[in-house]
Every structure is written in C-alpha cells, then in structure tokens.
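In: Below: sequence and its predicted model.
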Amino acid sequence: MSKLSKAVSIHPYFKVNEGRLDDFKKLISTFIKRTQTEETCFYYDFSVSNNTVFCREAYEGAEGVLAHLENVGAQIEEALTMSELVCLEIHGPAAELAKLKEPLAELPVKFYEHIAGVAK
C-alpha cells in the first residue's frame, strides 16, 4: 500500500488583520522550519492573496496531521493573534478523517471524503 493512499491534506485560510501581513509573513518561516522536521509531511507551502494567507499541506494519514498540529501549535496560536481562521478544510480517505473528527471537534473544520482520483 502506498503512503499516498492514506494522504490527508489540510487547507487553512487566514484573514490577516490590517497592517499585520508582514508580521504574518515572518511567522511563515518559523512554520516551515518546524515542519521540515516532520517525516510524514508530503508538502507544505504558503500562498498569499491580498490579506488572505493559505497553507497548502498534506501528510501521511491522520497521525501525520495530528503530529503536525502538535508540532506547530505555538505558531498557530501566534498566527491567530494577528489573523482569523476563516476556513479550514481537511480532505482524505473516510477512515483517516474519522480519526480526526474527535481531536479537531473544537475547530471550524469542513471534512471532505476522497472518493476517486488518479493512482500512480
């Protein structure tokens, strides 16, 4: 079984407070530095549109997601002092999503179950 068969992607969108975009951009380097140590991370990058910051990220299974959230918990808290989490999507296989619903119950998560795609 491929590691990708359990892949779970996270799609958070942060609306950055007026005048804080440069501060948020500086924090991105800390997010990246911490995430580089994670063996279950498939990809992790940021995009910006006006005052909205998007993080494109994926991990091997629910365990990888939970390990990542623990690893960058302090950075998430700091990010939320200068922004609002306006959308949080998590995409993946039903079995992996089921493992995340209870631990992430307090977050405004929209879960999307993977149903089909190209397998390589």
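Out: Perfect, thanks for sending it.
In: Can you tell me the strand partners of the host helix or strand of V48 and which way each runs?
Out: For V48, the enclosing helix or strand under DSSP states H and E is strand 41-49. Applying DSSP bridges, strand 41-49 is found paired with strand 52-60 (antiparallel).
In: So for the strand it pairs with, mean pLDDT?
Out: Across strand 52-60, the average pLDDT comes to 98.
In: Just the buried positions in that strand, please.
Out: Within strand 52-60, the residues that count as buried by 16 or more other CB atoms under 10 Å are V53, C55, E57, A58, Y59, E60. Using the backbone N, CA and C atoms, a C-beta is placed for each residue, glycine as well.
In: can you give me the strands in this structure?
Out: 7-16, 41-49, 52-60, 83-92, 109-113 (DSSP state E).
In: Output these as TSV; include the columns distance to P103.
Out: Listed next are the strands of the chain as TSV, based on distance: least, CB to CB, whole Å:
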stretch	distance to P103
strand 7-16	13
strand 41-49	18
strand 52-60	14
strand 83-92	11
strand 109-113	10
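In: Which one, of the ones you listed, ends up nearest to N71?
Out: strand 41-49 (9.5 Å; CB to CB).
In: Give the buried residues for that closest one.
Out: For strand 41-49, a neighbour-count test (16+ other CB under 10 Å) marks C41, Y44, F46 as buried.
In: If you compare the directions of it and strand 7-16, what angle comes out?
Out: 30 degrees (axes from the mean of the first three to the mean of the last three CA atoms, to 10 degrees).
In: Can you give the distance of the strand holding V48 from its chain's centre?
Out: Offset of strand 41-49 from its chain centre (CA atoms, centre = their mean, to the nearest Å): 9 Å.
In: could I have that strand exported to CSV, CA atoms only?
Out: Provided in CSV are the C-alpha atoms of strand 41-49 (Å, rounded to 0.1, in the frame of the first residue of the first chain):
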residue,chain,number,x,y,z
CYS,A,41,4.8,15.6,5.6
PHE,A,42,4.3,15.3,1.8
TYR,A,43,4.3,19.0,1.1
TYR,A,44,3.9,22.3,2.9
ASP,A,45,3.7,25.7,1.4
PHE,A,46,2.0,29.1,1.6
SER,A,47,0.3,31.4,-0.8
VAL,A,48,-0.9,35.0,-0.3
SER,A,49,-3.8,36.9,-1.9
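In: I appreciate the help and will end here.
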